[in-house]
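Asker: here are the coordinates; sequence isn't available:
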């Protein structure tokens, strides 16, 4: 059997395999491998496998190098934000989704660059694009759980940030490897380092070292020192972990990382030991909210972008790509002051929950330097994230009376004349009657309405400017020529394409819809003695370090210096004593003009000094529909207009007007109107002598035999009473009309003094006239109508537009009984028919005495005659209210007197003695 098991050499090959041959291979000596030797490959297999692997790797490397190209940069890496700066260099805002601002490597200090190299890749300038040892070391630490370590060089990180995404896949790592090698061969080291610094994330939503310097220290990257640069370099490894403000517990780790960076700089001889010892840890600033477009920043960015595009500096597409560094003309101190002023005077007083009208309030303002044209401050709205429309640049609200200075300037510039040939100057006189038809206009009848439908009579242009009289300025526009007015406004600074800037007489009333910025530019020309400069919002702009050309500053003469300075003197009077008196709170001389849009949808004020021009506007807009709405009821006021109420001064001042009163919604006169002396008494025809025995003869005889009054002590001369400030003409007119329409003679209200005589001193008051019981009873039955309250004027005005009747309707509103209202209408009819007498005293209510037929019972003829007598009208001084006691007059002796005072010219004023005594 032993013979059978032994096989000769080579017998296996000839006679096949013997039993149990599986897993056994003969060794080179012919013996099969046993045990562990059978798992060890032969040298031929090892050599062949190694050579095959080498060929495969080399082939894959060559194929990858040839097949993988450098791709285009991804959108996130190239996207930048436009950075907007104040005039002093502090950051105003930055737009765009990515907070990034690229800078050149040459603008970065050398210690900061070396700090980044010490933290990330110390062999960057001498090593290759990839580091296999670092890659293996990083992979080993990741596998063994000793932490994650990036095995990528700066070149590889730049490729990942600029060309690829952040996915951790084998494919992405392979692409990164080949692109880095190619990029290192085709691009310089400085370009790679610059791109790396501009694309790396530093935390706090800052991409790039420039954004990081602003986010952590509030300075530009060019101003970083060595310690600050080392801290920013340490953030590249773990931005959120090493932020000592966001993570105070990690301060020790952040300081250790910072020391590692500095020690690396010392080791590479980039920093001496002495310099290293003097450095201390630079604690960053508190984290600020992202400087997006909230608040006023959005309005300012929008205005700057519109300015750059309108002047052809950049295109909208270029701005959308970003990368612009824009230094504006805005001054941070003045910008904050403007915002604070609007918040203090307007925004803080709005209560949108209690008052629905407060939801419609909008505001816009611009402050401009008239000598340079620079826009120093701008207010566009309450918040750009809530209201996207910039109220300082919108052109859809009428400018109102702020346009009137342009009409006056045009008249002075062209040396215009009135319709009767008089030279137009501030002292030229015009008729300020309400709804006066404009003379000399061939385009059809035009009758402008004054504010509150007031009549001003014959006034000068200066007074018309103070009071903002529409009738005067509409006529002035026709005298000058509407086309010349339009050309002058354009020369001063209004754009040619301003909506509704048409050459019609209404141009003087401010029907044009210019923006607040446009009006500020035009008023700045008046402030600079007629020289015009285009407004400027940008003083420097650069894109990726390259400066762009801005429009040149051009100055031209819009109007003559004489015309501009004369207009300024008139506008100074508006601030001193006209509708712009509120501007005196500034504490320095100023010129300005108020304005109100049609239907009170906007209120304006434009004012200036030699150094500053400011225009503000309050507008009404429905937040839902966007339509224009009146400013009635906003801020708890009945009305908001350009001028606001006028206040009188002196001992007789009634004090501040109460909300809702007519004084609070009207403009008061500052000085009484010039009055002409009353006409001389006219000679009346001689009356025939009284017949003997008549009552007339008896009265004369009694007067002749009456005992003369005792001699009185000589009156002590006293100073004439102080002149009482004149009341508004509407008040006087209403008072006189009611006095003529009522049965009694009411006293004027406290705010409506007697215009015909000064108030009588208390020591010389007329003694009260006692009446009999019968007279008092008769007066009580008559139920005299009292003067209506101030809150009734508006209602009466709506009820009737006929002069004289609406005041009677107002008086009727005060009667308590409804049937007596009908009687009041009857009395009004008798007044309009010209009847005076017992009809006004007849009771028409249910309590009136009636006959058997049910009709009101009439008194006897004698009783009517006795009760219908009137006191005679004295000629001359009789119009001042004096009366002759115990006199009776016949109806034929009643007269009407004329007054050239506040009563409208050509209308007969009722004499005071035409009314029954109490």
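Answerer: Noted; the coordinates are in hand. What you see is a predicted model, and the numbers here were worked out from it, not measured in a lab.
Asker: and residue 224, how far is that from residue 218?
Answerer: Relative to residue 218, residue 224 is positioned 11 Å away (C-beta to C-beta, to the nearest Å). All C-beta spots, glycine's among them, are computed from the backbone N, C-alpha and C.
Asker: These two - which one has more neighbours?
Answerer: residue 224 (25 against 14; other C-beta atoms under 10 Å).
Asker: Touching, the more buried one and residue 212? I think so.
Answerer: No: if you go by C-beta atoms under 8 Å, residue 224 and residue 212 don't touch, sitting 9.4 Å apart.
Asker: Low-confidence regions, the stretch 501-650 of the chain specifically.
Answerer: Low-confidence segments of the stretch 501-650 of the chain, defined by pLDDT under 70: 586, 643-650.
Asker: Which parts of it are helices?
Answerer: With helices called from DSSP state H, counting those that start in this stretch, the stretch 501-650 of the chain shows them at 516-527, 561-577.
Asker: got it, and the stretch 251-400 of the chain?
Answerer: Taking DSSP H, counting those that start in this stretch as the criterion, the stretch 251-400 of the chain carries its helices at 251-267, 273-278, 297-310, 316-321, 332-345.
Asker: So which bits of the last one are buried?
Answerer: Going back to what we said before, that points to helix 332-345. Burial within helix 332-345, assessed by neighbour count using 16 or more other C-beta atoms under 10 Å, is assigned to 334, 335, 338, 339, 342.
Asker: Let me know the closest of those residues to residue 358.
Answerer: Using C-beta to C-beta, residue 342 comes nearest to residue 358 of the buried residues of helix 332-345, at 14.4 Å.
Asker: Surely the closest one is in contact with residue 365?
Answerer: Yes: counting by C-beta under 8 Å, residue 342 sits close enough to residue 365 to count as a contact (6.5 Å).
Asker: shared neighbours of these two, anything?
Answerer: Overlap between the neighbourhoods of residue 342 and residue 365 consists of 379, 616, taking contacts as C-beta atoms under 8 Å, 6 or more residues apart in numbering.
Asker: I'd guess residue 489 is in a helix, am I close?
Answerer: Yes: following the definition DSSP: H, G, I helix; E, B strand; the rest coil, residue 489 is counted among the residues of a helix.
Asker: Now do it: how many residues are near it, please.
Answerer: Counted with other C-beta under 10 Å, the neighbours of residue 489 add up to 27.
Asker: In CSV, list the buried residues of helix 332-345 along with pLDDT and distance to residue 606.
Answerer: Formatted as CSV, these follow (pLDDT from 0 to 100; distance: C-beta to C-beta, whole Å):
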residue, pLDDT, distance to residue 606
334, 94, 17
335, 94, 19
338, 94, 15
339, 93, 19
342, 92, 16
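Asker: Mutual contacts of residue 224 and residue 212, please.
Answerer: The contact lists of residue 224 and residue 212 share residue 232, where a contact means C-beta under 8 Å, 6+ apart.
Asker: before we move on, the earlier item: with distance to residue 552 added, can I get the helices of the stretch 251-400 of the chain in TSV?
Answerer: Formatted as TSV, these follow (distance: least, C-beta to C-beta, whole Å):
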stretch	distance to residue 552
helix 251-267	48
helix 273-278	48
helix 297-310	15
helix 316-321	21
helix 332-345	25
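Asker: Looking at these, which is nearest to residue 391?
Answerer: Ranking those by their distance to residue 391 (criterion: C-beta to C-beta) puts helix 297-310 first, at 8.1 Å.
Asker: counting contacts, what elements does that closest one pack onto?
Answerer: strand 83-85, strand 91-94, helix 316-321, strand 324-328, strand 375-379, strand 538-543 (3 or more C-beta pairs under 8 Å, 6 or more residues apart in numbering; DSSP states H and E).
Asker: Please name whichever of the ones you listed is nearest to residue 598.
Answerer: The closest of the helices and strands packed on helix 297-310 to residue 598 is strand 375-379. By C-beta to C-beta, the value is 23.7 Å.
Asker: helices or strands next to the helix or strand that the closest one is followed by in the packing?
Answerer: Following the chain from strand 375-379 toward its C-terminal end, the next helix or strand by DSSP states H and E is helix 404-413. Based on contacts counted as 3+ C-beta pairs under 8 Å, 6+ apart, the elements that helix 404-413 packs against are helix 461-467, helix 470-480, helix 482-492, helix 516-527, helix 561-577, strand 591-596.
Asker: Figure out which of the ones you listed is closest to residue 126.
Answerer: Across these, residue 126 has its closest neighbour in helix 516-527 (57.8 Å, C-beta to C-beta).
Asker: quick one: the closest one to helix 297-310, angle?
Answerer: For helix 516-527 against helix 297-310, the angle by axes from the mean of the first three to the mean of the last three C-alpha atoms, to 10 degrees is 70 degrees.
Asker: Which neighbouring elements make contact with helix 516-527?
Answerer: Contact partners of helix 516-527 among helices and strands, from 3+ C-beta pairs under 8 Å, 6+ apart: strand 361-368, strand 375-379, helix 404-413, helix 482-492, strand 531-533, helix 561-577, strand 602-608, strand 613-620.
Asker: at 7 Å instead, please
Answerer: The elements that helix 516-527 packs onto, with contact taken as 3 or more C-beta pairs under 7 Å, 6 or more residues apart in numbering; DSSP states H and E, are strand 361-368, helix 482-492, helix 561-577, strand 602-608, strand 613-620.
Asker: Measure how it sits relative to strand 361-368, angle-wise.
Answerer: Between the axes of helix 516-527 and strand 361-368, defined by the same axes, to 10 degrees, the angle is 40 degrees.
Asker: Can you tell me what sits against helix 516-527?
Answerer: Applying C-beta atoms under 7 Å, 6 or more residues apart in numbering, the contact partners of helix 516-527 are 364-366, 368, 370, 373, 392-393, 399, 402, 405, 489, 492-495, 498, 531-532, 535, 558, 564, 567-568, 606, 608, 610, 613, 615, 617.
Asker: try it again with 6 Å
Answerer: Identification of contacts with helix 516-527 by C-beta atoms under 6 Å, 6 or more residues apart in numbering yields 364, 366, 368, 370, 392-393, 492-494, 532, 535, 558, 564, 567-568, 606, 608, 613, 615, 617.
Asker: Turn the helices and strands packed on helix 516-527 into TSV, columns for distance to residue 415.
Answerer: Formatted as TSV, the entries for the helices and strands packed on helix 516-527 read as follows, by distance: least, C-beta to C-beta, whole Å:
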stretch	distance to residue 415
strand 361-368	29
helix 482-492	11
helix 561-577	9
strand 602-608	25
strand 613-620	26
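Asker: With respect to residue 94, which of the ones you listed lies nearest?
Answerer: For the helices and strands packed on helix 516-527, proximity to residue 94 was assessed by C-beta to C-beta; strand 361-368 is nearest, at 23.1 Å.
Asker: what does that closest one rub up against?
Answerer: Contact partners of strand 361-368, identified using C-beta under 6 Å, 6+ apart, comprise 338, 342, 346, 375-379, 391-392, 516-517, 520, 524, 613-619, 621, 634.
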